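A.B. asks: next one to model:
(2 chains)
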Amino acid sequence: MKPIADITYLERLSRLSFTEEERSALAKDLDDMIAFADDVSDENEMLALDEPIFRTESFVREDTVGQAWERDALLSSAATVAHGYVTVPKVLGEEAHD
Amino acid sequence: MIDAAFLAKDVLSQAEDLKRGAYSAEELTKAYLARIAQVDQTVHAYLTVTADTALAAARESDRRRARGESRGILDGIPFALKDNICTKGIPTTCASRMLAGYCPPYHAYVTERLLSAGAILLGKLNMDEFAMGATTETSAIGATHHPMDLSRSPGGSSGGSAAAVVASMAAFTLGSDTGGSVRQPAAFCGLVGMKPTYGTVSRYGLVAYASSLEQIGPISRTVGDNAVILQAIAGHDKQDATSARRVPERYDADLRKGVRGLRIGVPVEYEAGECSADVRTAVDSAVETYRMLGAEIVSVSLPFLKKALAAYYILSSAEASSNLARFDGIRYGYRAETYSDTEELYCRSRSEGFGKEVQRRILLGTFVLSAGYYEQYYQKALQVRAWVRRMFSEVFTRCDLIITPAVPTTAYLLGMPEKEATERYRGDLYSVPANIAGIPALSLSCGTGKDGLPVGLQLMGASWTEPLLYRAGYALEQMKQGDAE
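C.D. replies: Below is the predicted model:
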């Protein structure tokens, strides 16, 4: 039976990559999960989504100068840094590599 | 050296002991550290033990007390945190390869609150990777063992948090509860676990899994302890936009009021549904105890249980796929060794850094949010959520609280062959609705199964009725203690 979910497509959307073997195992897992999730969709008298899930009250923080993070503390978590910046592979130009 | 029996005391008793000088915070902390060194090699509850800072903090607590400046009940009491709660300069890994060695530059709000109250942080506790699992077996560092039966799991995802308390390796702990992850391990270990009303406790510094469902909650030996700990961490925090702007109730105010006159709802779905014979016997007996204590037992219906569970897995996976998108190998977290461009850097880092269950849920979340399926799954799940909330509102006009098993069985065996992923999910049947509706739910021990393991029940109430849940929990706890004595 053809799996419901297109694993290759989902891989691309979620920035994950699998081997062929993992893909076929995941396709089965995912189909099981989708069948399980189908429990939500077989109801005819389902309510319209006419009420907010949460209290509508919301707030934003005051726009005041406050605590600032220490640059070094933040950079210490990154895999590679140089001259006070996080380094990444080249993203512009023809030669997009590290 | 403090006798091991003191380590198994509840927080309120230890606080009394500290107050009258029976022992110092330093002695108590040393005793817990010795206990961890003695038993944690077999239990494996801790991922990080912060012995030096704990001892320094304990000495400081003793000095405060000597000056007459004690900060209250929690001053000098040793505790530990689930490893998805941020601790400044102390590894916070979510039991994932993705965050191995990661030290946050800030404390979570709850960490800050407990440290300000003078509590002594002993370390960080094992969990299912990114809180996705029910046994701690998805932890990249290996499972935690149930201290009462090492062949079993203490539950999950906050399994380390429950194991540490029941094995006397901390006086209390905090866990996080997205679909039962505080209540289920508390139930499996014979402890008390609270999932407060959504918005009660700030999620600032809790590594996000499913933001609309989760709350941090205490795991403790007694109901009274649990109320005191929740009091210490509850309250509005402007750093969390979903934190409720209200003054928290006094959680222990009504503890001793008893249950006479309370209407306790027993769902017909529990009476008809599947649950192990041991669990049924213990929960039925708790219902009888409540009746005997003067509560009115009423029959109610929660027809949404099965649908709520499906909706939960859709919503939590969808939110996880979004929340975990931040782990890209750039600013922090695991980065793959080899890659040729940014796209490959993302893919490799995420595929190598996340474990199998986490990847599975990210994929499911991506699927239910993808074009063509959004309406069929995610939108429907939101409708189920609205329906569940409305049904609960109606049920709570007919009863003050609802009683169910916390989990349909006692603690799971470790190392069972991996069943269909969905089979384990069914263990969350009774716990998930409280997260879906945002209402408070308390789990506590109500007996022991034939396997010698604790059975837990769950009490659910309308939003902001934590004092009522603690009151009903306390009444049952007192009866059980009376029986034991």
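A.B. asks: which secondary structure element contains residue 72?
C.D. replies: Went with chain A since none was named. Element membership of A:Asp72 [criterion: DSSP states H and E] is helix A:71-75.
A.B. asks: chain B is the one I meant
C.D. replies: Going by DSSP H and E, B:Gly72 is not in any helix or strand.
A.B. asks: dump the residue contacts of it.
C.D. replies: B:Ala117, B:Gly118 (CB atoms under 8 Å, 6 or more residues apart in numbering or on different chains). Glycine gets a C-beta too; all of them are placed from N, C-alpha and C.
A.B. asks: what distance do you get for it to B:Leu469?
C.D. replies: B:Gly72 is 23 Å from B:Leu469, where distance means CB to CB, to the nearest Å.
A.B. asks: buried stuff in the helix holding A:Asp72?
C.D. replies: A:Leu75 (16 or more other CB atoms under 10 Å in any protein chain shown).
A.B. asks: can you give me the strands in chain A?
C.D. replies: Using DSSP state E, the strands of chain A run over A:81-82, A:85-86.
A.B. asks: SS state for the residue of chain B most remote from its centre?
C.D. replies: Distance from the centre of chain B peaks at B:Ser340, with 41.4 Å (CA atoms, centre = their mean). Classification of B:Ser340 using DSSP: H, G, I helix; E, B strand; the rest coil returns coil.
A.B. asks: how far does stretch B:86-97 stretch from one end to the other?
C.D. replies: Terminal residues of stretch B:86-97 lie 16 Å apart, using CA to CA, to the nearest Å.
A.B. asks: and stretch B:192-200, by the same measure?
C.D. replies: For stretch B:192-200, the end-to-end distance is 18 Å (CA to CA).
A.B. asks: where does the stretch 351-485 of chain B have low pLDDT?
C.D. replies: For the stretch 351-485 of chain B, residues meeting the criterion pLDDT under 70 lie at B:419-422, B:485.
A.B. asks: how about a cut-off of 90?
C.D. replies: Low-confidence segments of the stretch 351-485 of chain B (pLDDT under 90): B:372, B:375-377, B:379-380, B:383-384, B:416-426, B:480-485.
A.B. asks: what does chain A give?
C.D. replies: A:1-6, A:18-19, A:21-74, A:79, A:88-98.
A.B. asks: please repeat the previous calculation with a cut-off of 80.
C.D. replies: Applying pLDDT under 80 to chain A picks out residues A:1-5, A:29, A:33, A:36-62, A:66-68, A:93-98.
A.B. asks: please, where are all the helices along it?
C.D. replies: A:7-14, A:20-37, A:71-75 (DSSP state H).
A.B. asks: so can I have CSV of those showing distance to B:Lys195?
C.D. replies: Output for the helices of chain A, formatted as CSV (distance: least, CB to CB, whole Å):
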stretch, distance to B:Lys195
helix A:7-14, 29
helix A:20-37, 23
helix A:71-75, 32
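A.B. asks: which one, of those helices, ends up nearest to B:Asp278?
C.D. replies: Closest of these to B:Asp278 is helix A:20-37, at 26.3 Å (criterion: CB to CB).
A.B. asks: name the nearest residue to the residue of the stretch 1-150 of chain B found nearest chain A, sequence neighbours excluded.
C.D. replies: Taking CB to the nearest CB as the measure, the stretch 1-150 of chain B has B:Pro105 as its residue closest to chain A, at 4.0 Å. Excluding its sequence neighbours, the residue lying closest to B:Pro105 (CB to CB, 6 or more residues apart in numbering or on different chains) is A:Ala73, at 4.0 Å.
A.B. asks: quick one: the one you found from B:Cys94, how far?
C.D. replies: Distance from A:Ala73 to B:Cys94, by CB to CB: 20 Å.
A.B. asks: picking that back up, just how off-centre is the helix holding A:Asp72 within its chain?
C.D. replies: 24 Å (CA atoms, centre = their mean, to the nearest Å).
A.B. asks: stretch B:345-356 now?
C.D. replies: For stretch B:345-356, the distance to the chain centre is 27 Å (CA atoms, centre = their mean).
A.B. asks: may I have stretch B:229-239 exported as CSV, CA atoms only?
C.D. replies: Extracted in CSV, the C-alpha atoms of stretch B:229-239 (Å, rounded to 0.1, in the frame of the first residue of the first chain):
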residue,chain,number,x,y,z
ILE,B,229,6.4,24.5,46.2
LEU,B,230,3.8,25.6,43.7
GLN,B,231,3.3,28.7,45.8
ALA,B,232,7.1,29.4,45.4
ILE,B,233,7.0,29.2,41.6
ALA,B,234,3.6,30.6,40.7
GLY,B,235,2.8,34.2,39.7
HIS,B,236,2.9,36.6,36.8
ASP,B,237,6.1,36.9,34.9
LYS,B,238,6.3,39.5,32.2
GLN,B,239,8.9,37.5,30.4
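A.B. asks: in that stretch, what counts as buried?
C.D. replies: B:Ile229, B:Leu230, B:Gln231, B:Ala232, B:Ile233, B:Ala234, B:Gly235, B:Asp237.
A.B. asks: quick one: the residues you listed as TSV, columns for secondary structure and pLDDT too.
C.D. replies: Below are those laid out as TSV (DSSP: H, G, I helix; E, B strand; the rest coil; pLDDT from 0 to 100):
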residue	secondary structure	pLDDT
B:Ile229	helix	98
B:Leu230	helix	98
B:Gln231	helix	98
B:Ala232	helix	98
B:Ile233	helix	98
B:Ala234	strand	98
B:Gly235	coil	97
B:Asp237	coil	95
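A.B. asks: and the strands of chain A, which is most packed in?
C.D. replies: strand A:85-86 (a mean of 13; mean count of other CB atoms under 10 Å in any protein chain shown).
A.B. asks: what residues does that one touch?
C.D. replies: Against strand A:85-86 from outside (CB under 8 Å, 6+ apart): A:Leu75, A:Ala78, A:Thr80, B:Ile330, B:Arg331.
A.B. asks: which pair in those residues spans the largest distance?
C.D. replies: Among the contacts of strand A:85-86, A:Leu75 and B:Ile330 lie farthest apart (CB to CB), at 11.8 Å.
A.B. asks: and B:Ser212, how far is that from B:Tyr377?
C.D. replies: 16 Å.
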